[in-house]
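Colleague: no sequence on hand, only this structure:
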């Protein structure tokens, strides 16, 4: 873990929201994930500003979103310079899950009930 990820992790653990770090999701590893709210938090260093990395991140985000996750990104500078703001944004995102069900399949929504997906037949 990088220094910004480590200081953010220390703060996220204090929230006791059951956030996991370095969690595998499909073929990707998420920096942080809160499964119940389907939230992924990514911390991007300077390498993420390079053209190839931007394209890779866009592809990765699209896939994660297609799986029903929300992805929020913070730069390492945001974490180190405004840690409390980043923690507040994550807390807020965890406590206010998306208003629409994810993912959509065949025009019908799939709702997450407990730990399984339930098809909405309406």
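Modeller: Thanks, I have it. None of these values were measured; they are calculated from a predicted model.
Colleague: elements contacting the lengthiest helix in the chain?
Modeller: Ordering each helix of the chain by length in residues (DSSP state H) puts helix 51-66 first. Counting contacts by 3 or more Cβ pairs under 8 Å, 6 or more residues apart in numbering; DSSP states H and E, helix 51-66 packs against strand 28-34, strand 39-44, strand 70-75. All C-beta atoms are positioned from the backbone trio N, CA, C, and that covers glycine.
Colleague: closest one to residue 61 among the ones you listed?
Modeller: Counting by Cβ to Cβ, residue 61 lies closest to strand 70-75 out of the helices and strands packed on helix 51-66; the figure is 4.9 Å.
Colleague: quick one: buried residues of the closest one?
Modeller: Within strand 70-75, the residues scored as buried using 16 or more other Cβ atoms under 10 Å are 70-71, 74-75.
Colleague: and for stretch 6-15?
Modeller: For stretch 6-15, the neighbour count (16+ other Cβ under 10 Å) marks 7-9, 12 as buried.
Colleague: residues contacting that stretch, please?
Modeller: 1, 19, 21, 32, 41, 43, 79-80, 83, 86-87, 90-91 (Cβ atoms under 8 Å, 6 or more residues apart in numbering).
Colleague: try 10 Å this time
Modeller: The contact list for stretch 6-15 (Cβ atoms under 10 Å, 6 or more residues apart in numbering) reads 1-2, 18-22, 31-32, 34, 41, 43, 74, 76, 78-80, 83-84, 86-87, 90-91, 94-95.
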